[in-house]
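# have a look at this prediction, sequence included:
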Amino acid sequence: MLRKTNIGIIEYNGVEYRGLHGAVVPKEVYERALALHAQHSSMQLVAGAKHLLTGLVYCGVCGAKLRYQKWGNAGFKLVCYSQQISKPYLI
C-alpha cells in the first residue's frame, strides 16, 4: 500500500504532521512507487471492454485467442477463434 506513514508522515484532518516514527521507505522510493502506481492505474488494456478477460485469454489447445460469444439467456461463454473459420488471421 502507498501510505504516507511509510515515509514518516501522518495525516490528521487533512493536515500532514511529521510522525514520531522513522521512515520505513526512503522518500525517493515512495515517490517513484507513487508515480508507477499512477501510471499503471491510468492504463487500460482493452478500450471499452465490458468483459473481465477480454484480450488476455488464449486457448490451451491451439494457442489462439478466446472471445466472448452470446449464449442465449445464460449470458456469454468463451470460444476459441480457431473454431471460427472466417478469421484465420487470429489463429
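On my side now, so go ahead.
# show me the protein divided up by domain.
Domains of the chain are assigned by automatic domain parsing as 4-42, 46-91.
# can you flag the weakest of those by average pLDDT?
When the domains of the chain are compared by mean pLDDT, domain 46-91 comes last with a mean of 77.
# and it, how far out from the chain's middle?
On the basis of C-alpha atoms, centre = their mean, to the nearest Å, domain 46-91 sits 19 Å off its chain's mean C-alpha point.
# what of stretch 17-27?
29 Å.
# and stretch 22-29, by the same measure?
Per C-alpha atoms, centre = their mean, the centroid offset for stretch 22-29 relative to its chain is 26 Å.
# quick one, helices of this protein?
Counting by DSSP state H, the chain has helices at residues 27-42.
# could you dump the domains of the chain to a markdown table with mean neighbour count?
Every residue, glycine included, has its C-beta placed from N, CA and C. A markdown table is the format used below for these (neighbours: other C-beta atoms under 10 Å):
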| stretch | mean neighbour count |
| --- | --- |
| domain 4-42 | 11 |
| domain 46-91 | 12 |
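# now do G8 against V25, distance only.
Distance of G8 to V25, computed by C-beta to C-beta, to the nearest Å: 9 Å.
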